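**Q** this one's structure only:
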């Protein structure tokens, strides 16, 4: 079962539907017990960094997610859900994130329109199981004004926009993040979710 | 590189697609969700639902449609038509749409743009504008009520204000070009893009795949929208993208999908 974390930031239907289409049992929840029993956790989110963090705190989810990470449950953050995985954010005000990934989230430094909105092509930075069903230059859908600044070893793939490299998929250990919206990214998005599903199944197999 | 987006627009009345749509192989040719799924399969980059239902007492039909579309589409969905209040935004977004387009109500109450952007984020606030060249050729006026009422508001002043208030995108329809099928209104688009830095969707006048390529060649617009071109199957979205690629315009392909 995949737990899609409900912390009151935006509509969760598309995300949970996308996982259901992969044939995965999906529960939208903020119940600690369910979350810690899940095979995989998805942290979605639209809105701003400080609001997301304050909701996670209000619902006691910071602690629950940290426990999930320690238990080696695969965690995937999407868009704002990816951003809060980092140590710090600078949207609206400086704000601490979950700190599961090294780095921070900053206003895009690009010589182009903001928000970075639309379909952009992925460039691979490393071999990674999440990329196993897609190929370089496949397009995925982005909508954001802030982006991750992270060490190269966390950078799985990126896109080029306005003269900058924007991290698209990041990850370390059992925690991964996706700046774009796989649930809105057509067939390519489905293939990335399929790869996430396989990663989850691998982790469950080894822990059983 | 960011791809130029090709967006089919579906006019919907009482839950059904308006305009003669004749798609073979769809379960229900009048069902907006079936049609939207077909466009998704053809690699449309986004779909717009424009609800032109005259009465708004019962918004349950459109809510159901959005819920169904959101659960079946794998591309972004923008919904517009009759949006008046922040509650309308909330209903549309919580039903599963990704963006809301607002037209007349934004002119009447520009603060709606700001409220919606503050509450839901700039990425989901699309301001739709219908504009027409003034007879004395001094610029463009903004029209509302489906193009029936001239507000006397200057287009250039209005787009600047929209951006300032937090619009994430402008959907610009040229009433001079709309229905002519002679191509998009390049001059109007250029005039708008000179003064705003948010994405602009070109609308009105598309008569063929060549017009789509032309608007991307000649202006810096981010997306182009058409209705009848696709509904009447004069061109598929892939054919439009083939045409764009001839001119090295970056477009997204949904190939090797195994569908």
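**A** Noted; the coordinates are in hand. What you are looking at is a predicted structure, and each value in this text was computed from that prediction instead of being measured.
**Q** quick one: buried residues of the lengthiest helix in chain A?
**A** If you go by DSSP state H, chain A has its longest helix at helix A:186-207. Neighbour-count burial for helix A:186-207, with 16 or more other C-beta atoms under 10 Å in any protein chain shown as criterion, is recorded at A:186-197, A:199-200, A:203. The way it works is simple: take the backbone N, C-alpha and C, and place the C-beta from them, glycine included.
**Q** can you give me the helices in chain B?
**A** B:32-41, B:60-72, B:86-94, B:104-108, B:111-120, B:155-165, B:186-193, B:209-218, B:228-231, B:237-246.
**Q** and residue A:64, which of those helices is closest to it?
**A** Proximity to residue A:64, assessed across the helices of chain B by C-beta to C-beta, is greatest for helix B:86-94 (24.8 Å).
**Q** can you give me the distance of the residue nearest to the spatial centre of chain A to residue B:66?
**A** Nearest to the mean C-alpha position of chain A, counting by C-alpha atoms, centre = their mean, stands residue A:77 at 2.3 Å. Residue A:77 is 26 Å from residue B:66, where distance means C-beta to C-beta, to the nearest Å.
**Q** which ones are touching the residue of the stretch 101-250 of chain B at minimum distance from chain A?
**A** Going by C-beta to the nearest C-beta, chain A is nearest to residue B:123 of the stretch 101-250 of chain B, at 4.3 Å. For residue B:123, the contacting residues are A:46, A:115, A:117, A:143-144, B:99, B:168, by C-beta atoms under 8 Å, 6 or more residues apart in numbering or on different chains.
**Q** now do 7 Å
**A** The neighbourhood of residue B:123, defined by C-beta atoms under 7 Å, 6 or more residues apart in numbering or on different chains, consists of A:115, A:117, A:143, B:168.
**Q** can you give me the neighbour number for the first one?
**A** For residue A:115, the neighbour count with other C-beta atoms under 10 Å in any protein chain shown is 18.
**Q** isn't it right up against residue A:144?
**A** Yes: if you go by C-beta atoms under 7 Å, residue A:115 and residue A:144 touch, sitting 6.0 Å apart.
**Q** chain A contacts on chain B?
**A** Neighbours of chain A within chain B, by C-beta under 7 Å from any C-beta of the partner chain: B:1-3, B:5, B:45, B:70-71, B:74-76, B:93-94, B:96, B:98, B:121-123, B:168, B:197-199, B:222, B:252, B:254, B:257.
**Q** for chain A, which residues are neighbours of chain B?
**A** A:11, A:13-14, A:17, A:46-47, A:113, A:115, A:117-121, A:139, A:141, A:143, A:160-161, A:184, A:186-187, A:189-190.
**Q** mind checking which of these land in helices?
**A** Counting by DSSP H, the residues of chain A next to chain B place A:13-14, A:17, A:186-187, A:189-190 in helices.
**Q** taking the residues you listed, tell me the two that lie furthest apart.
**A** Distance extremes for these: the farthest pair is A:13 and A:187 at 20.1 Å, using C-beta to C-beta.
**Q** which parts of the longest strand along chain A are buried?
**A** Looking across chain A with DSSP state E, the single longest strand is strand A:164-172. By 16+ other C-beta under 10 Å, the buried positions in strand A:164-172 come out as A:166-172.
**Q** closest to residue B:110 among those?
**A** Nearest to residue B:110 among the buried residues of strand A:164-172 is residue A:166, at 31.8 Å by C-beta to C-beta.
**Q** for the closest one, name its beta-bridge partners.
**A** residue A:159 (DSSP bridges).
**Q** I figured it hits residue A:159, correct?
**A** Yes: Residue A:166 lies in contact with residue A:159 (C-beta under 7 Å); the separation is 5.2 Å.
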